[in-house]
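Asks: with the input below, show me the fold.
(one chain, ligands or ions: 2)
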Amino acid sequence: MMPVMLLSDLASHLSLRSGPSVETGWAAAEVSAVTHRADWVTPGALFAAIRGERHDGHAFLQEAAERGAVAALGEGLPAGQHSPLPYLQVPDARAALADAAALLSGHPSRELKVVGVTGTDGKTTTSWLTAALLRAGGQSTGLLSSAGYQLPDGQLRAYPAHFTTPEAPQLQGLLREMVDARAQAAVIETSSHALTLERVRGVAWDAAIWTHLSQEHLDFHGTLEDYFAAKRRLIERAPLAVLNLDDPWTRHLRGVAPQELTYSAAQAGADWRASDLRGEAGGRASFAVDGPAGRFRATLPLAGAFQMGNALAAMAAAHHFGVSAAELQAGLREFGGPPGRMETVPSRPGQPRVVSDSAHTPLSLENTLRALRPLTGGQLWAVVGSAAGGRDTSKWGPMAAVASAWADQVILTEADHRETPLEQILEAMSAAAGQDNWQCIGDRAQAIAYAVTHAGPDDTVLIANKGGEHFLQRGRTVYRWNDAAAAAAALRGEVYRPQEAEQG
Ligand SMILES: CC(=O)N[C@H]1[C@@H](OP(=O)(O)OP(=O)(O)OC[C@H]2O[C@@H](n3ccc(=O)[nH]c3=O)[C@H](O)[C@@H]2O)O[C@H](CO)[C@@H](O)[C@@H]1O[C@H](C)C(=O)N[C@@H](C)C(=O)N[C@H](CCC(=O)O)C(=O)O
Ligand SMILES: Nc1ncnc2c1ncn2[C@@H]1O[C@H](COP(=O)(O)OP(=O)(O)OP(=O)(O)O)[C@@H](O)[C@H]1O
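Replies: Ligands and ions are numbered 1, 2, ... in the order given. Predicted coordinates for the structure are as follows:
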C-alpha cells in the first residue's frame, strides 16, 4: 500500500521548471499513486504526461482528470492547451515519473540488496541464477525478469504488460511488495530500454552484472555504441560491477564501478574462472570453478558452454553477499531454470527431443544450436522467426543465416511481425539462409507441428526466439501464445488454436 503524500511535499522533491499552473488549493491535494497511463489512473493519482514516440500524454489529461487524478506533470503544455489538473512542469517527465514512483513507494530498494543484470543475452538466465543462489544461501529474494516476477515465495507472476523491466511505477510497486513480503534481496533484469527511458532511475543498486553485448535493438538505439552506452549506465550506478572478461566490450567497463569482480570461462586472470566443462546425461553440465569461494565442481541442469559464464556471474554476486561455496553448489545443482530458456517440452519415447528457447539474437541462436548438437544423435531442427514493427529488422537475415549454418533442418516462420507483411520477413530470411536446408511455414503453430511430427526419435527440435512469451502479434491483433504449449499439442496430435488476447 503506497503512502499518501501532499502534492506540495512531492513537488518539493521533483526539480520543477515552474510552479503548478493552477494555484488554488493545489498544495494540499493528497497524492496516493503515480502513473504514466491515463487508463491506469486511480482516484488520488498523479498523472505523468509523457511525450512518447506515438502519443503525447498531454492528450490524455482530461481522461486522467475524469478518472480521479489530482494533478499532472509534464515537460510543458502544448501551445493553447489548458490543463484540467494542477500541472507541475518538469525538465524530464520520465525522470520525474521515476522520482515520484520511488518516493511514493518509500524507496523500497534502499531496504534491499539489489542486483541488476544487463547485457544482450543471458540476462534472464543470469537473473534467475542469481536469485536462486541468494535463496540457496538463505536470503529471502525477489526477482523481476522478462519471464515474470517473483516475490520471495518463488511463485511466478505476470506483469499486466509484457516487459523485461517495467515502467518505474510498476517496478517500484513490485519492490515495495517484495519488502512487505520480507525480501532481503532483489534481482532486477535490466534492459537497455529501461536504462534509456529512466524506468530504473531511483533504484539503489548494490551490484551490477554484465553478461555481454551483441547485435540487438538497433531500431531503438541506432548504433551498437549507443546501445552499449545505455547498458553501461547500470555499471556506472552500482558500487560493485561483476564483469565478463570474455566479452570484448568489457574493457570499456573496467574501472567504472568502485569495486569489480571479473569472471571468465577462458582467461586465467579473472577472479572467478570455470574450466573442464563436461556434458552429462539429460543435458546437465558439470565444470570446475576456481575463485574467491575456493575450488569446487559445479553441476548445472542447463546445456551450453555459455551457461558457465552465466553461472560464474551469479556465483560472484551471490558469494559477495555471503553465500558459501556449498550453498552455491547446491543452488546450481537444483536450479529450475526460467521457462522458455532451454526448456524441454515433455515428449514420449519415439518422439524427438523438443526444446523451447528464447534465443532471439544471431549470437544466442548460434550458441543454443551449438549447445544442442552434442545432445542430438540424429538431425537438429530449428523453427525460427524474427520480429518486426518497432523491432530490430536488421536481424532477419543473420537469424536465418545462423539457423541454416548450424541446424540440419530449418523452418522459417512468424514471430510478432506486427504490421509488417510476413512475406517480406520470410523473403529476407530465406534469401540469407546459406544452405538449401530450409522451408517457410508462415503459421507458427503449423511450423512447430510440422517439425515435431517430421523429426525422428533421435532428432532435436529447437523452437527458437519466443521462449516463454505469452503473446504472439499478427498485424494489430495479439493472441495468447506459448511455444511449449503449441509443441505439446502437436506432440499429442492436436491442433494448437491461439485465442485473441486483450493487451494490458
Ligand atoms: C520503445 C519503447 O520502449 N517504448 C515505450 C515508450 O513508448 P512510446 O514512447 O511510444 O509511448 P507512447 O505510446 O507514445 O505513449 C506516450 C505516453 O502516453 C501514454 N498513453 C498513451 C496512449 C493512451 O491511450 N493513454 C496514455 O496514457 C503512455 O502511457 C505514455 O506514457 O513508453 C511507453 C510508456 O512509457 C512504453 O509502454 C513503451 O514500451 C513499448 C510498449 C515496448 O514495446 N517496449 C519494448 C521495446 C521494451 O521496452 N523492451 C525492453 C527490452 C526487451 C528485451 O530485453 O529484449 C523491456 O524492458 O521490456
Ligand atoms: N551468456 C550468454 N551468451 C550468449 N548467449 C546466451 C547467454 N546466455 C543465454 N544465452 C542464449 O540466449 C538466450 C536468451 O537468454 P536469456 O533469456 O537468459 O537472456 P536475454 O535474452 O538477455 O533475456 P530476454 O529474453 O529477456 O531478452 C538463451 O536462451 C540462450 O540461448
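Asks: I'd assumed residue 63 was in contact with residue 39.
Replies: Yes - if you go by C-beta atoms under 8 Å, residue 39 and residue 63 touch, sitting 7.2 Å apart. For every residue, glycine as well, the C-beta is placed using N, CA and C.
Asks: packing partners for the helix or strand hosting residue 298?
Replies: Using DSSP states H and E, residue 298 falls within strand 294-300. Applying 3 or more C-beta pairs under 8 Å, 6 or more residues apart in numbering; DSSP states H and E, one finds that strand 294-300 contacts strand 285-291, helix 306-320, helix 325-333.
Asks: restrict that strand to CA atoms and write it as CSV.
Replies: Output of strand 294-300 as CSV, limited to C-alpha atoms (Å, rounded to 0.1, in the frame of the first residue of the first chain):
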residue,chain,number,x,y,z
GLY,A,294,37.7,-21.8,-3.4
ARG,A,295,37.9,-24.6,-5.9
PHE,A,296,35.0,-26.9,-6.5
ARG,A,297,33.0,-28.7,-9.1
ALA,A,298,29.6,-27.4,-10.1
THR,A,299,26.7,-29.1,-11.8
LEU,A,300,24.0,-27.2,-13.6
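Asks: and the angle from it to strand 285-291?
Replies: Relative orientation of strand 294-300 versus strand 285-291 (axes from the mean of the first three to the mean of the last three C-alpha atoms, to 10 degrees): 160 degrees.
Asks: contact partners of strand 294-300?
Replies: For strand 294-300, the external contacting residues (C-beta atoms under 8 Å, 6 or more residues apart in numbering) are 274, 280, 284-289, 307, 311, 315, 325, 328-329, 332-333, 335.
Asks: if any of those residues are buried, put those into a PyMOL selection.
Replies: To isolate the buried ones among the contacts of strand 294-300 in PyMOL, judged by 16 or more other C-beta atoms under 10 Å, type:
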select buried, resi 274+285+287+289+307+311+315+325+328+329+332+335
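Asks: ok, and of the contacts of strand 294-300, which contact ligand 1?
Replies: Among those, none lies close to ligand 1 by the criterion of C-beta under 6 Å from any ligand atom.
Asks: hmm, the helix or strand of the chain with the lowest mean pLDDT in reach of ligand 2?
Replies: The helix or strand of the chain with the lowest confidence, counting by mean pLDDT, DSSP states H and E, is helix 218-221 at a mean of 70. No - judged by C-beta under 6 Å from any ligand atom, helix 218-221 stays clear of ligand 2, getting no closer than 13.1 Å.
Asks: against which helices or strands is that helix packed?
Replies: So helix 218-221, by 3+ C-beta pairs under 8 Å, 6+ apart, packs with helix 192-196, helix 224-237.
Asks: and that helix, how far from the chain's centre?
Replies: Taking C-alpha atoms, centre = their mean, to the nearest Å, one finds helix 218-221 lying 16 Å from the centre of the chain it belongs to.
Asks: same thing with stretch 151-161?
Replies: Distance of stretch 151-161 from the chain centroid (C-alpha atoms, centre = their mean) equals 14 Å.
Asks: just the pLDDT for residue 469.
Replies: We have a pLDDT of 86 for residue 469.
Asks: how about residue 212?
Replies: The score at residue 212 is 92. That number is its pLDDT.
Asks: and the one 4 residues further on, by the same measure?
Replies: According to the model's per-residue confidence, residue 216 sits at a pLDDT of 65.
Asks: name the residues of this structure found near ligand 2, please.
Replies: 121-125, 146, 164, 211-212, 306, 309-310, 341-342, 357-359, 363-364, 367-368.
Asks: ok so residue 88 is a strand residue?
Replies: Yes - counting by DSSP: H, G, I helix; E, B strand; the rest coil, residue 88 is located in a strand.
Asks: is stretch 363-379 in proximity to ligand 1?
Replies: No - Stretch 363-379 stays clear of ligand 1 (C-beta under 6 Å from any ligand atom), getting no nearer than 11.0 Å.
Asks: helices of the stretch 401-504 of the chain, start to end?
Replies: Secondary structure of the stretch 401-504 of the chain (DSSP state H, counting those that start in this stretch): helices at 422-432, 444-454, 483-491.
Asks: need the ones you listed in CSV with distance to residue 244, can you?
Replies: Below are those laid out as CSV (distance: least, C-beta to C-beta, whole Å):
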stretch, distance to residue 244
helix 422-432, 29
helix 444-454, 33
helix 483-491, 28
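Asks: export those helices to CSV and append columns for mean neighbour count and mean pLDDT.
Replies: Shown next, in CSV, are the helices of the stretch 401-504 of the chain (neighbours: other C-beta atoms under 10 Å; pLDDT from 0 to 100):
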stretch, mean neighbour count, mean pLDDT
helix 422-432, 18, 95
helix 444-454, 21, 97
helix 483-491, 23, 96
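Asks: any chance of the ones you listed in a markdown table, plus distance to ligand 1?
Replies: Formatted as a markdown table, these follow (distance: least, C-beta to the nearest ligand atom, whole Å):
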| stretch | distance to ligand 1 |
| --- | --- |
| helix 422-432 | 17 |
| helix 444-454 | 19 |
| helix 483-491 | 16 |
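Asks: confidence score at residue 281?
Replies: pLDDT, residue 281: 67.
Asks: so residue 3 touches residue 106, yeah?
Replies: Yes - with contact defined as C-beta under 8 Å, residue 3 reaches residue 106; the gap is 6.1 Å.
Asks: pull up the pairing partners for the helix or strand hosting residue 274, direction included.
Replies: Residue 274 belongs to strand 272-279 when elements are defined using DSSP H and E. In the sheet, strand 272-279 lines up against strand 259-264 (parallel), strand 285-291 (antiparallel) (DSSP bridges).
Asks: quick one: those as JSON lines, columns for mean pLDDT too.
Replies: Below are the strands paired with strand 272-279 laid out as JSON lines (pLDDT from 0 to 100):
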{"stretch": "strand 259-264", "mean pLDDT": "98"}
{"stretch": "strand 285-291", "mean pLDDT": "95"}
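Asks: just checking, residue 150 touches residue 140?
Replies: No - the criterion here is C-beta under 8 Å, and residue 150 misses it with residue 140 at 11.1 Å.
Asks: ok, these two, which is more surrounded?
Replies: Between residue 150 and residue 140, residue 150 has the larger neighbour count (other C-beta atoms under 10 Å), namely 24 against 17.
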